[in-house]
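Colleague: the sequence isn't on hand, but the structure is:
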């Protein structure tokens, strides 16, 4: 698995745990710690995804939506 996919999975998992903890109102110090660290986690995720070594061969004019080849609109 590529590094940027792991980062997205980690941050998504932490945010799901955060929302679950809020709903059940348990572990308030943990809720506060995650709440304070969420902006840092989001910046880390965005930076990692933007710096990912992914090459896109189509231009915006050729294909404005990346999944257009697989869509039913292209048939």
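Modeller: Everything's here; your move. All values derive from a computational prediction rather than experimental measurement.
Colleague: so where's the chain uncertain?
Modeller: Low-confidence segments of the chain, defined by pLDDT under 70: 1, 65-75.
Colleague: apply 90 and report the result again.
Modeller: Counting by pLDDT under 90, the chain shows low-confidence ranges at 1-5, 25-27, 49-75.
Colleague: can you pull out the strands in it?
Modeller: Counting by DSSP state E, the chain forms no strands at all.
Colleague: got the residue ranges for the helices in it?
Modeller: Applying DSSP state H to the chain gives helices spanning 3-24, 28-50.
Colleague: quick one, the shortest one and helix 28-50 angle?
Modeller: Meaning helix 3-24. 150 degrees (axes from the mean of the first three to the mean of the last three Cα atoms, to 10 degrees).
Colleague: who touches helix 3-24?
Modeller: 27, 30-31, 34-35, 38, 41-42, 44-45, 48-49, 51-52 (Cβ atoms under 8 Å, 6 or more residues apart in numbering). Placement of C-beta: from N, CA and C, glycine included.
Colleague: show me what counts as buried in it.
Modeller: Judged by neighbour count (16 or more other Cβ atoms under 10 Å), helix 3-24 contains these buried residues: 4, 7-8, 11, 18, 21.
Colleague: over to the longest one?
Modeller: Using 16+ other Cβ under 10 Å as the test for burial, helix 28-50 gives 31, 34, 41, 45, 48.
Colleague: next one: stretch 46-64
Modeller: So, applying 16+ other Cβ under 10 Å, buried residues of stretch 46-64: residue 48.
Colleague: distance from that stretch to the middle of the chain?
Modeller: 15 Å (Cα atoms, centre = their mean, to the nearest Å).
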